[in-house]
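**Student:** I would like the atomic coordinates for the input below:
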Amino acid sequence: MEKPILSDINKFPDDEIVFNHLGKRQTLWKELFEHLDANYPDLNRDWKYYNDGKSWLMKVTRKSKTIFWLSVIEGAFRTTFYFTDKSKNQILSSSISEDLKEQFSSKSGLRGITIIFSKKDDIRQAEELIKLKVSSK
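**Tutor:** All right, here's what the predicted structure looks like:
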C-alpha cells in the first residue's frame, strides 16, 4: 500500500500542498470536487490529522454519515468507501467496475472499496459509489 504523504501535523493540507503532490492528477481532484459541489452541496469535507496513521485524511460526510475517506499519495489520491453486507445487491448490480465489485465481494462485514485515482474513469467509478453511499440507509 502506498505511504500517505501528508504526514506533517503542522502543515494543514491546503490546495497548494495537495496539488504539489498530485502533479497531473490534480485535474482528477478538481473534477471530483466539482461533481460534489454541483450534485451534493450538503456534503462536508473535514481534514484531520490522525495519530494512528501519522497523516492527514479527509472525511466526507452528510450529517453524521461518512460517505468516503480520502488520502493523498505521491502522484495520486485515493478514496475508500465502506459498505455493509446489506449493500451487496446494490453494489453487485451497479455500474462500477468488476475490480471494485471484487474488492467488495472478497470481504465480509464492513467492506471497503478503494479507488486510486489515475485515470478519468476513476471519477465515474467514484460518482457511482457516492450515489450508492448517499442513497443507502
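**Student:** R62: what's it in contact with?
**Tutor:** Contact analysis of R62 by Cβ atoms under 8 Å, 6 or more residues apart in numbering lists Y40, D42, L43, N44, V134. Using the backbone N, CA and C atoms, a C-beta is placed for each residue, glycine as well.
**Student:** one more time with 6 Å, if that's ok
**Tutor:** D42, L43 (Cβ atoms under 6 Å, 6 or more residues apart in numbering).
**Student:** List the beta-bridge partners for it.
**Tutor:** Beta-bridge partners recorded for R62 (DSSP bridges): K65.
**Student:** when you give positions from now on, start the count at 16
**Tutor:** Sounds good: first residue 16 from here, last item R77.
**Student:** That one and A53, how far apart?
**Tutor:** Going from R77 to A53 by Cβ to Cβ, to the nearest Å gives 15 Å.
**Student:** Tell me where the protein has helices.
**Tutor:** 30-37, 41-54, 103-107, 113-120, 136-150 (DSSP state H).
**Student:** Show me the shaky parts of this structure.
**Tutor:** For the chain, the stretches flagged by pLDDT under 70 are 16-19.
**Student:** Name the residue closest to the centre of it, please.
**Tutor:** T94 (2.1 Å; Cα atoms, centre = their mean).
**Student:** Could you find the closest non-adjacent residue to Y65?
**Tutor:** L72 (5.7 Å; Cβ to Cβ, 6 or more residues apart in numbering).
**Student:** Run a quick neighbour tally on L37.
**Tutor:** L37: 22 surrounding residues under other Cβ atoms under 10 Å.
**Student:** what's near enough to touch it?
**Tutor:** The contact partners of L37, taken as Cβ under 6 Å, 6+ apart, are W44.
**Student:** where's it relative to K148, distance?
**Tutor:** Taken as Cβ to Cβ, the span from L37 to K148 is 23 Å.
**Student:** got the contact list for stretch 54-69?
**Tutor:** Under Cβ under 6 Å, 6+ apart, the answer for stretch 54-69 is S22, I24, P28, L51, W71, L72, M73, K74, V75, T76, R77.
**Student:** All set now, cheers.
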